[in-house]
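Trainee: Any chance you could fold what I've pasted below:
(2 chains)
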Amino acid sequence: MSMELTLKIWRQAGPTAKGELVTYEVKDISPDMSFLEMLDVLNEQLIAQGTEPIAFDSDCREGICGMCGLMISGEAHGPERTTTCQLHMRSFRSGETITIEPWRANAFPVIRDLVVDRSAFDRIIQSGGYISVNTGAAPEAHSVPVPKEKADRAFDSAKCIGCGACVAACPNASGMLFLGAKVTHLGELPQGQPERGGRVVKMLETHDLEGFGGCTNIGECAAACPKEIPLDVISTLNADLRQAARGAL
Amino acid sequence: MWTQHKFDNALVNPANRRKLDVIIVGTGLAGASAAATMGEAGYNVKSFFYQDSARRAHSIAAQGGINAAKNYNDDGDSTYRLFYDTVKGGDYRSRETNVYRLSEVSANIIDQCVAQGVPFAREYGGLLDNRSFGGVQVARTFYAAGQTGQQLLIGAYQAMERQVAKGTVTEYSRHEMLEVVLVDGVARGIIARDMVTGEIETHLADVVVLASGGYGNVFFLSTNAMGCNVTAAWRAHRKGAYFGNPCYTQIHPTCIPVSGDHQSKLTLMSESLRNDGRIWVPKRAEDCDKDPREIPEEDRDYYLERIYPAFGNLVPRDIASRQAKNMCDEGRGVGPLVDEVDADGNKRQMRRGVYLDFAAAIERLGEAAVKEKYGNLFDMYARITGEDPYKVPMRIYPAVHYTMGGLWVDYDLQTSIPGLYAVGEANFSDHGANRLGASSLMQCLADGYFVLPNTIRSYLAKGPFEKIDEDHPAVVEAKASVTERIEKFLSINGERSVDSFHRELGNIMWEYCGMERTDEGLRKAIGLIRDLKQEFWTNVRVLGEADTLNQSLEKAGRVADFLELGELMCIDALHRRESCGGHFRAESQTEDGEALRHDDEFAYVAAWEFGGDGAPVLHKEDLNYKFIELKQRSYK
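Mentor: Just a heads-up that it's a prediction; the model follows:
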């Protein structure tokens, strides 16, 4: 059983060039292919025709590095709740038209075609998304027990892969789910307490400076998150922020 | 020895450190941890990586865990036992001193990561949980669900980003190192391409560290990320760095089988699944296309439990992989028939899969407990195959996963080029001919956090070295060679895409330099690769320009280097007329089909020197075992 599809793909030659949707047809697509393998097939076809292939990011192709990310017919990472690389063609019907665009957000400018610049996320982490401990300065691991519930919530928040789907899905292009995930991950752990108040304030400042929008609790971010980071990390972030403002953290 | 060696290494005065420039290529566990630690010490670090963010390096995909000799379970573990297990697991082809050091620092890694906020799995009492892994009989593996690599890498990445904020580390994202700059035989910098603008940049420094990962992608299909490549290491090799044991490749037993010829990569299912899953094939070939749930117990062959009663499903990776291949070669594989070409070039159809069955574990522990332990892996399997592993046994087959070979380094992790170091998977050092599960994360973080920052001191204490500028003839020559090569790729304008060459190279490597190697096959492969290389340089089609983001151009450079590496791997595999670990020569096996070493002839590291247009030159580093007695490995 093979599929035929019509693809409308965003092509943009460079950061300042004007982009447009270009239509391509693909045939002989297996339902077992991943979405990106379908694009590989298209690219081989384009190269054979002498047309430059479509630029898109991907690396691990197993859903963990966070490098891939496409708006697929208006949904971040497409119709399933997973990363673009783990989306398979069995989620589509033969004959369908699929629109493929890059993440759209002021904080993520387009570099070429479907490739965007997400370095704003790195700068958010640089402003406080860590625990300050130099190599060699660590105490014995078992000297501080961590209650399992706290360790588990820290882990669930730390699953964020930094793909940016939350920002792309948000009508405000807010990065609050990304931010909340990091604040919760480090804030749940005893090791993260000393810097807890400063961390949330500094990271939020950077978030706003980078041009991400504000959060109005729409929840599209959590619905699009391939790692199922829950919306309540934003509540945790807000709670930390209030406490920090009162000087209680 | 390590304690004494650290003491003997010269110190660098803190005021001098900021005058010393350190280039680190790659931000996986080894590169990121080294960058963070060197930055904390006050050196001026420049970090290069091809991804858009340092957090994405492929260490992130490691699933199962990280070993450390903490002995938290009081089950007889110790530094010495971890050392012993690692040397034995590597089939006595690793350097004893390096491995002992690795075991010594392993416990510090866990302390460091916990302090950084890495959320390891914990018991209800709040203490860290452990599990066991292949090739050992103690539980010493620390883990964070099936995402241990991700959590460790995020820890190292955050430590590194903290240094970026402090100004000690400068990041160069979407940059690919394309050449190493040598001045009077000493590494003094790199030539890198800005992958967004296409600009060819010169970066000079006092020392260069390669943390650029392994070269499993020479097989095209592997569990590596799409971008993993050998270019940084290979460029260094061409400039004089010896390449150690290039043929030692780890084929991982528990991967999701190939589904068709569109396949772009293979996905690993953590080896930790072998703790609770049971591996089997039907006893009779005619049962192979039946629904596995309808095959009764007595018609199933739990072959690992049968052949290796002591270790059962937890035998080391090389053994588990080869036995899976044997079962399928016998015609008892499961899953769809796939087209393949046999060693004589004939087309045939084979089933390439064995069952990994959780029915017994689900019955014993309950579905919820299995879900808690392996949920993300089961989800991933379901996503890729469209089958529900809670109901139907998974199908698995071996795939290329890790390369034990790499740049030859001394005890200080310095390559044969002064001033050029290699850490993590990029070096050859600690795993011998086979790596044990959960040991790569350990080695990468040992190298980056604790070993390199201590050994590199004795080199840097001699600096800062004489300043060189960008119009030094050696720099100009290196930069010109990079530009020339790029122009060449873009001007060939042939008929075939880069990927088509890569795929063909991968087929050759898998067939002749994969799980089983023969004299005849390897000689054939060398000829095929040479022909393919020649065709590549006359018939590849790379469209687009040099001065923009151009992914075909990036791939062309990588595949050109893989073609040269592939030949060297076959040459190394051909010369090593013994079987050891992941290197199985059909001519050298015991009566019951196990790897047969020849310690009298081959107890050495094969360090190859680049031979230019001629043959590569072999240098032997003898392996002298002072503490561990060389034995035939047995897991029965």
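Trainee: May I have stretch B:63-76 as CSV, with CA atoms only?
Mentor: The C-alpha coordinates for stretch B:63-76 follow below in CSV (Å, rounded to 0.1, in the frame of the first residue of the first chain):
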residue,chain,number,x,y,z
GLN,B,63,18.9,5.5,27.1
GLY,B,64,19.8,2.9,29.7
GLY,B,65,22.2,4.3,32.2
ILE,B,66,25.6,5.1,33.5
ASN,B,67,27.9,2.7,35.5
ALA,B,68,29.6,3.6,38.7
ALA,B,69,31.3,1.5,41.3
LYS,B,70,29.4,3.0,44.2
ASN,B,71,28.4,-0.4,45.6
TYR,B,72,25.2,1.1,47.1
ASN,B,73,23.6,-2.4,47.0
ASP,B,74,26.4,-4.1,48.8
ASP,B,75,26.4,-6.8,46.1
GLY,B,76,30.1,-7.1,45.9
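Trainee: I'd like the average pLDDT over that stretch.
Mentor: The average pLDDT within stretch B:63-76 is 94.
Trainee: Please apply the same query to stretch B:512-520.
Mentor: Mean pLDDT, stretch B:512-520: 96.
Trainee: do stretch A:186-199 as well
Mentor: Average pLDDT, stretch A:186-199: 98.
Trainee: Just the terminal-to-terminal distance for that stretch.
Mentor: Terminal residues of stretch A:186-199 lie 9 Å apart, using C-alpha to C-alpha, to the nearest Å.
Trainee: Equivalent analysis for stretch B:406-415, please.
Mentor: 10 Å.
Trainee: likewise stretch A:183-197?
Mentor: 10 Å.
Trainee: Is that stretch positioned near chain B?
Mentor: Yes - Stretch A:183-197 reaches chain B (C-beta under 8 Å from any C-beta of the partner chain) through A:185, A:186, A:189, A:191, A:192. No exception for glycine: its C-beta is placed from N, CA and C like everyone else's.
Trainee: Ok, stretch A:138-153 next?
Mentor: Yes - using C-beta under 8 Å from any C-beta, we find that stretch A:138-153 touches chain B at A:138, A:139, A:140, A:141, A:142, A:144, A:145, A:146, A:147, A:148, A:151, A:152.
Trainee: picking that back up, now render the residues of stretch A:183-197 next to chain B as TSV, adding secondary structure, distance to residue B:430 and neighbour count.
Mentor: Output for the residues of stretch A:183-197 next to chain B, formatted as TSV (DSSP: H, G, I helix; E, B strand; the rest coil; distance: C-beta to C-beta, whole Å; neighbours: other C-beta atoms under 10 Å in any protein chain shown):
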residue	secondary structure	distance to residue B:430	neighbour count
A:185	helix	31	28
A:186	helix	32	26
A:189	coil	31	25
A:191	helix	29	20
A:192	helix	32	19
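Trainee: ok, which pair from these is furthest apart?
Mentor: A:185 and A:191 (11.0 Å; C-beta to C-beta).
Trainee: any residues in contact with both of the two?
Mentor: Common neighbours of residue A:185 and residue A:191, using C-beta atoms under 8 Å, 6 or more residues apart in numbering or on different chains, are residue B:117.
Trainee: I figured residue A:77 hits residue A:224, correct?
Mentor: Yes - the pair residue A:77 / residue A:224 is scored as a contact, 6.7 Å apart, by C-beta atoms under 8 Å.
Trainee: Who has more neighbours out of these two?
Mentor: residue A:77 (26 against 20; other C-beta atoms under 10 Å in any protein chain shown).
Trainee: re the thing from before, joint contacts of residue A:77 and residue A:224?
Mentor: With C-beta under 8 Å, 6+ apart, residue A:77 and residue A:224 have common neighbours residue A:165.
Trainee: Show the model's pLDDT score for residue 126.
Mentor: Here I'm looking at chain A. For residue A:126, the pLDDT comes out at 98.
Trainee: The intended chain is chain B.
Mentor: So, for residue B:126, pLDDT stands at 97.
Trainee: So what does it look like in phi/psi?
Mentor: Phi and psi for residue B:126, reported as degrees, to the nearest 10, are phi 90, psi 0.
Trainee: same thing with residue A:211?
Mentor: phi 90, psi 10.
Trainee: Was I right to think it contacts residue A:109?
Mentor: No - with contact defined as C-beta under 8 Å, residue A:211 does not reach residue A:109; the gap is 9.5 Å.
Trainee: what's the neighbour count on whichever residue of the stretch 501-636 of chain B sits closest to chain A?
Mentor: Residue of the stretch 501-636 of chain B nearest chain A, by C-beta to the nearest C-beta: residue B:549 (4.4 Å). Number of residues near residue B:549 (other C-beta under 10 Å) recorded here: 23.
Trainee: Make sure it is actually in contact with residue A:116.
Mentor: No - look at residue B:549 against residue A:116 with C-beta under 8 Å: they stay out of range, at 11.3 Å.
Trainee: What values do phi and psi take at the closest residue to residue B:16 other than its chain neighbours?
Mentor: Once flanking residues are discounted, residue B:16 sits nearest to residue B:464: 7.3 Å by C-beta to C-beta, 6 or more residues apart in numbering or on different chains. Note on residue B:464: backbone dihedrals following degrees, to the nearest 10 are phi -60, psi 140.
Trainee: hang on, residue B:464 packs against residue B:206?
Mentor: Yes - if you go by C-beta under 8 Å, residue B:464 and residue B:206 touch, sitting 5.8 Å apart.
Trainee: rewinding a little: just say helix, strand or coil for the residue of the stretch 501-636 of chain B closest to chain A.
Mentor: Judged by DSSP: H, G, I helix; E, B strand; the rest coil, the three-state class of residue B:549 is coil.
Trainee: Who are the contact partners of it?
Mentor: Residue B:549 neighbours (C-beta under 8 Å, 6+ apart): A:14, A:55, A:111, A:112, A:115, B:195, B:196, B:198.
Trainee: ok, 6 Å please
Mentor: By C-beta atoms under 6 Å, 6 or more residues apart in numbering or on different chains, the residues touching residue B:549 are A:55, A:111, A:112, B:196.
Trainee: so how far is residue B:462 from the residue nearest to the first one when sequence neighbours are not counted?
Mentor: Think residue A:55. Nearest non-adjacent residue to residue A:55, counting by C-beta to C-beta, 6+ apart: residue A:113, 4.1 Å away. Taking C-beta to C-beta, to the nearest Å as the measure, residue A:113 falls 48 Å from residue B:462.
Trainee: The two - which one has more neighbours?
Mentor: residue A:113 (25 against 12).
Trainee: Correct me if wrong: that one contacts residue A:54.
Mentor: Yes - the criterion here is C-beta atoms under 6 Å, and residue A:113 meets it with residue A:54 at 5.2 Å.
Trainee: Domain-wise, how is chain B divided?
Mentor: What the TED database lists as the domains of chain B is B:253-400, B:473-603.
Trainee: Lowest average pLDDT across these?
Mentor: domain B:253-400 (a mean of 92).
Trainee: Report whether that domain contacts chain A.
Mentor: Yes - Domain B:253-400 lies within reach of chain A by C-beta under 6 Å from any C-beta of the partner chain, at B:259, B:260, B:262, B:264, B:265, B:267, B:383, B:386.
Trainee: Quick check: residue A:154 touching residue A:187?
Mentor: No - under the criterion of C-beta under 6 Å, residue A:154 is not in contact with residue A:187, lying 8.3 Å apart.
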